[in-house]
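Visitor: Predicted structure and sequence below. I'll ask about it afterward.
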Amino acid sequence: MTQPPAQRGEQTRQLIIDTAVRLFGEQGYEKTTMRAIATAAGLAPSNAYYYFPSKDHLVQEFYTRIQVAHREAVAPHLAVQSDFGTRLHAAMTAGVTAMEPYHAFAGKFFRVAADPSSASNPFSDESEPARTMSQAIFRDVVGGATTTIDPELREVLPELLWLAQLGVTLFWVYDRSPGRGRTKLLVDRAVPLIDRMVGLSRLRVLRPAVREALSLYRALRN
(Lines give C-alpha, C1' and ligand atoms only; values in the text may rest on other atoms or scores of the structure.)
Protein backbone atom coordinates (compact mmCIF):
# COMPACT_ATOMS: atom_id res chain seq x y z
CA MET A 1 0.00 0.00 0.00
CA THR A 2 1.33 3.42 -0.94
CA GLN A 3 2.07 5.67 2.02
CA PRO A 4 0.32 9.04 2.24
CA PRO A 5 2.59 11.97 1.22
CA ALA A 6 2.54 13.40 4.76
CA GLN A 7 3.76 10.12 6.22
CA ARG A 8 6.49 9.79 3.60
CA GLY A 9 7.54 13.36 4.27
CA GLU A 10 7.82 12.75 8.01
CA GLN A 11 9.89 9.62 7.42
CA THR A 12 12.22 11.60 5.17
CA ARG A 13 12.58 14.31 7.80
CA GLN A 14 13.45 11.74 10.45
CA LEU A 15 15.92 10.06 8.11
CA ILE A 16 17.70 13.37 7.55
CA ILE A 17 17.79 14.14 11.29
CA ASP A 18 19.05 10.66 12.18
CA THR A 19 21.72 10.85 9.48
CA ALA A 20 22.81 14.30 10.60
CA VAL A 21 23.17 13.17 14.22
CA ARG A 22 25.31 10.23 13.10
CA LEU A 23 27.57 12.37 10.92
CA PHE A 24 27.90 15.03 13.60
CA GLY A 25 29.21 12.31 15.87
CA GLU A 26 31.59 10.89 13.27
CA GLN A 27 32.86 14.09 11.64
CA GLY A 28 31.90 16.93 13.97
CA TYR A 29 29.34 19.64 13.36
CA GLU A 30 31.53 22.06 11.45
CA LYS A 31 32.84 19.47 8.97
CA THR A 32 29.41 18.01 8.21
CA THR A 33 27.72 19.66 5.24
CA MET A 34 24.12 19.46 4.12
CA ARG A 35 25.33 17.79 0.91
CA ALA A 36 27.14 15.12 2.94
CA ILE A 37 24.01 14.53 5.02
CA ALA A 38 21.89 14.14 1.88
CA THR A 39 24.37 11.74 0.30
CA ALA A 40 24.63 9.59 3.42
CA ALA A 41 20.82 9.48 3.64
CA GLY A 42 20.54 8.43 0.01
CA LEU A 43 18.78 11.63 -0.99
CA ALA A 44 19.36 14.32 -3.56
CA PRO A 45 20.75 17.51 -1.97
CA SER A 46 17.70 19.42 -3.19
CA ASN A 47 15.49 16.99 -1.29
CA ALA A 48 17.40 17.56 1.95
CA TYR A 49 17.31 21.33 1.46
CA TYR A 50 13.56 21.15 0.89
CA TYR A 51 13.08 19.94 4.46
CA PHE A 52 15.98 21.79 6.08
CA PRO A 53 17.30 24.91 4.30
CA SER A 54 20.45 24.90 6.45
CA LYS A 55 22.24 23.12 9.27
CA ASP A 56 20.82 25.73 11.64
CA HIS A 57 17.34 24.44 10.86
CA LEU A 58 18.55 20.92 11.56
CA VAL A 59 19.94 22.02 14.91
CA GLN A 60 16.53 23.33 15.94
CA GLU A 61 15.03 19.94 15.15
CA PHE A 62 17.81 18.42 17.22
CA TYR A 63 16.91 20.70 20.13
CA THR A 64 13.25 19.81 19.78
CA ARG A 65 14.03 16.10 19.76
CA ILE A 66 15.89 16.44 23.06
CA GLN A 67 13.04 18.40 24.65
CA VAL A 68 10.48 15.81 23.56
CA ALA A 69 12.63 13.05 25.06
CA HIS A 70 13.10 15.13 28.22
CA ARG A 71 9.35 15.60 28.58
CA GLU A 72 8.63 11.91 28.05
CA ALA A 73 11.29 10.86 30.57
CA VAL A 74 10.19 13.20 33.34
CA ALA A 75 6.40 12.97 32.92
CA PRO A 76 5.94 9.74 34.97
CA HIS A 77 7.88 11.26 37.87
CA LEU A 78 5.98 14.53 37.87
CA ALA A 79 2.71 12.59 37.84
CA VAL A 80 3.39 11.01 41.24
CA GLN A 81 5.75 13.40 43.06
CA SER A 82 4.64 16.61 44.75
CA ASP A 83 7.72 17.77 46.66
CA PHE A 84 9.54 20.55 44.82
CA GLY A 85 13.04 19.19 45.38
CA THR A 86 12.05 15.69 44.27
CA ARG A 87 10.37 17.03 41.15
CA LEU A 88 13.36 19.22 40.30
CA HIS A 89 15.80 16.34 40.75
CA ALA A 90 13.69 14.19 38.42
CA ALA A 91 13.57 16.96 35.81
CA MET A 92 17.30 17.67 35.84
CA THR A 93 18.19 13.99 35.79
CA ALA A 94 15.80 13.35 32.89
CA GLY A 95 17.34 16.26 31.00
CA VAL A 96 20.81 14.76 31.26
CA THR A 97 19.47 11.35 30.24
CA ALA A 98 17.79 12.84 27.15
CA MET A 99 21.10 14.38 26.03
CA GLU A 100 23.31 11.36 26.66
CA PRO A 101 23.04 9.78 23.16
CA TYR A 102 24.66 12.93 21.72
CA HIS A 103 27.60 13.27 24.10
CA ALA A 104 30.13 12.09 21.51
CA PHE A 105 29.85 15.32 19.49
CA ALA A 106 28.45 17.65 22.15
CA GLY A 107 31.80 19.36 22.79
CA LYS A 108 32.38 20.26 19.15
CA PHE A 109 28.79 21.34 18.73
CA PHE A 110 28.87 23.50 21.84
CA ARG A 111 31.65 25.65 20.42
CA VAL A 112 29.28 26.64 17.61
CA ALA A 113 26.25 27.06 19.86
CA ALA A 114 28.22 29.25 22.29
CA ASP A 115 28.66 31.95 19.63
CA PRO A 116 26.19 34.74 20.59
CA SER A 117 25.53 35.44 16.90
CA SER A 118 24.80 31.82 16.03
CA ALA A 119 21.25 30.73 15.34
CA SER A 120 22.17 27.58 17.28
CA ASN A 121 22.73 29.59 20.46
CA PRO A 122 20.10 28.56 23.05
CA PHE A 123 19.23 32.25 23.58
CA SER A 124 18.70 33.00 19.88
CA ASP A 125 15.35 33.81 18.29
CA GLU A 126 15.60 30.60 16.27
CA SER A 127 15.92 28.57 19.47
CA GLU A 128 12.81 30.08 21.03
CA PRO A 129 10.51 27.08 20.35
CA ALA A 130 12.88 24.61 22.04
CA ARG A 131 13.61 27.10 24.82
CA THR A 132 9.87 27.47 25.44
CA MET A 133 9.45 23.70 25.56
CA SER A 134 12.24 23.36 28.10
CA GLN A 135 10.96 26.16 30.30
CA ALA A 136 7.49 24.59 30.16
CA ILE A 137 8.91 21.46 31.78
CA PHE A 138 10.26 23.50 34.67
CA ARG A 139 6.99 25.43 34.83
CA ASP A 140 5.31 22.08 35.43
CA VAL A 141 7.92 21.25 38.07
CA VAL A 142 7.02 24.44 39.94
CA GLY A 143 3.29 24.43 39.22
CA GLY A 144 2.72 20.88 40.47
CA ALA A 145 4.77 21.25 43.64
CA THR A 146 2.96 21.41 46.98
CA THR A 147 5.98 23.11 48.54
CA THR A 148 5.18 26.72 49.46
CA ILE A 149 7.12 29.08 47.19
CA ASP A 150 7.32 32.85 47.43
CA PRO A 151 4.74 34.13 44.88
CA GLU A 152 7.07 36.63 43.24
CA LEU A 153 9.84 34.05 42.94
CA ARG A 154 7.39 31.47 41.59
CA GLU A 155 6.69 33.72 38.61
CA VAL A 156 10.27 33.59 37.28
CA LEU A 157 11.48 30.38 38.89
CA PRO A 158 10.92 28.21 35.76
CA GLU A 159 13.25 30.49 33.77
CA LEU A 160 15.85 30.41 36.55
CA LEU A 161 15.67 26.61 36.69
CA TRP A 162 16.12 26.48 32.92
CA LEU A 163 19.28 28.55 33.32
CA ALA A 164 20.44 26.14 36.01
CA GLN A 165 19.81 23.27 33.60
CA LEU A 166 21.97 25.05 31.01
CA GLY A 167 24.74 25.14 33.59
CA VAL A 168 24.36 21.41 34.18
CA THR A 169 24.42 20.88 30.41
CA LEU A 170 27.68 22.80 30.07
CA PHE A 171 29.24 20.69 32.83
CA TRP A 172 27.92 17.52 31.16
CA VAL A 173 29.47 18.51 27.81
CA TYR A 174 32.95 18.39 29.31
CA ASP A 175 32.33 15.52 31.74
CA ARG A 176 34.52 12.56 30.81
CA SER A 177 33.92 10.59 34.00
CA PRO A 178 32.53 7.04 33.65
CA GLY A 179 28.82 7.13 33.07
CA ARG A 180 28.92 10.92 33.52
CA GLY A 181 29.20 10.29 37.27
CA ARG A 182 30.42 13.81 38.02
CA THR A 183 27.34 15.28 36.35
CA LYS A 184 25.15 13.01 38.44
CA LEU A 185 26.99 14.20 41.54
CA LEU A 186 26.43 17.82 40.50
CA VAL A 187 22.69 17.28 40.16
CA ASP A 188 22.47 15.29 43.40
CA ARG A 189 24.23 18.03 45.36
CA ALA A 190 22.90 21.11 43.57
CA VAL A 191 19.19 20.28 43.75
CA PRO A 192 19.03 20.24 47.59
CA LEU A 193 20.81 23.62 47.60
CA ILE A 194 18.29 25.09 45.16
CA ASP A 195 15.44 23.56 47.16
CA ARG A 196 16.82 25.11 50.34
CA MET A 197 17.26 28.55 48.77
CA VAL A 198 13.70 28.45 47.41
CA GLY A 199 12.46 27.61 50.90
CA LEU A 200 14.52 30.34 52.56
CA SER A 201 13.13 32.93 50.14
CA ARG A 202 9.85 32.79 52.09
CA LEU A 203 11.49 34.14 55.24
CA ARG A 204 10.50 37.71 55.97
CA VAL A 205 14.05 38.74 56.80
CA LEU A 206 15.26 37.65 53.36
CA ARG A 207 12.43 39.11 51.30
CA PRO A 208 14.16 42.45 50.56
CA ALA A 209 17.24 40.63 49.22
CA VAL A 210 15.05 38.28 47.17
CA ARG A 211 13.10 41.20 45.70
CA GLU A 212 16.34 42.98 44.80
CA ALA A 213 17.75 39.87 43.14
CA LEU A 214 14.55 39.34 41.16
CA SER A 215 14.53 42.99 40.09
CA LEU A 216 18.08 42.62 38.81
CA TYR A 217 17.17 39.44 36.91
CA ARG A 218 14.20 41.12 35.22
CA ALA A 219 16.35 44.10 34.26
CA LEU A 220 18.98 41.84 32.69
CA ARG A 221 16.56 39.68 30.74
CA ASN A 222 14.69 42.61 29.15
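Guide: Received it, and whenever you're ready, just let me know what you need.
Visitor: quick one: pLDDT of residue 105?
Guide: Looking at residue 105, its pLDDT stands at 80.
Visitor: Residue 25 is in contact with that one, correct?
Guide: Yes. With contact defined as Cβ atoms under 8 Å, residue 105 counts as touching residue 25 (4.5 Å). In this view, the C-beta of every residue, glycine as well, is placed from N, C-alpha and C.
Visitor: Pass me the low-pLDDT residue ranges in the protein, would you?
Guide: Scanning the chain for pLDDT under 70 picks out 1-6, 222.
Visitor: try 80 this time
Guide: Scanning the chain for pLDDT under 80 picks out 1-7, 25, 28-29, 108-109, 111-112, 221-222.
Visitor: Identify the residue nearest residue 187 in space, chain neighbours excluded?
Guide: Excluding the flanking residues, the one nearest residue 187 by Cβ to Cβ, 6 or more residues apart in numbering is residue 92, at 4.8 Å.
Visitor: With residue 29 instead?
Guide: Nearest non-adjacent residue to residue 29, counting by Cβ to Cβ, 6+ apart: residue 109, 4.6 Å away.
Visitor: same check, this time on residue 89
Guide: Spatial nearest neighbour of residue 89, chain neighbours left out: residue 191 (4.5 Å); criterion: Cβ to Cβ, 6+ apart.
Visitor: Quick check: that neighbour vs residue 154, distance?
Guide: Distance, residue 191 to residue 154, using Cβ to Cβ, to the nearest Å: 17 Å.
Visitor: neighbour-wise, which of the two wins?
Guide: residue 191 (22 against 16; other Cβ atoms under 10 Å).
Visitor: on contacts alone, who are the packing partners of the strand or helix carrying the more buried one?
Guide: Element membership for residue 191 (DSSP states H and E) is helix 181-200. Identification of packing neighbours for helix 181-200 by 3 or more Cβ pairs under 8 Å, 6 or more residues apart in numbering; DSSP states H and E yields helix 84-99, helix 151-173.
Visitor: Put together JSON lines for those helices, with distance to residue 33 on each row.
Guide: Output for the helices and strands packed on helix 181-200, formatted as JSON lines (distance: least, Cβ to Cβ, whole Å):
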{"stretch": "helix 84-99", "distance to residue 33": "24"}
{"stretch": "helix 151-173", "distance to residue 33": "23"}
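Visitor: Need the winner for burial among those.
Guide: Across these, averaging neighbours per residue (mean count of other Cβ atoms under 10 Å) puts helix 84-99 on top, at a mean of 22.
Visitor: wait, doesn't the residue nearest to residue 89 sit right on residue 90?
Guide: No. Assessed by Cβ under 8 Å, residue 191 is found out of contact with residue 90, at 9.4 Å.
Visitor: sorry, back to before: what comes up buried for the helix holding residue 191?
Guide: Using 16 or more other Cβ atoms under 10 Å as the test for burial, helix 181-200 gives 183-184, 186-187, 190-191, 194-195, 198.
Visitor: and the longest helix anywhere in the chain, what other elements does it pack with?
Guide: In terms of residue count, the longest helix belonging to the chain (DSSP state H) is helix 55-80. Counting contacts by 3+ Cβ pairs under 8 Å, 6+ apart, helix 55-80 packs against helix 5-27, helix 34-40, helix 84-99, helix 128-143.
Visitor: Check the gap between residue 199 and residue 147 for me.
Guide: As defined by Cβ to Cβ, residue 199 lies at a distance of 7 Å from residue 147.
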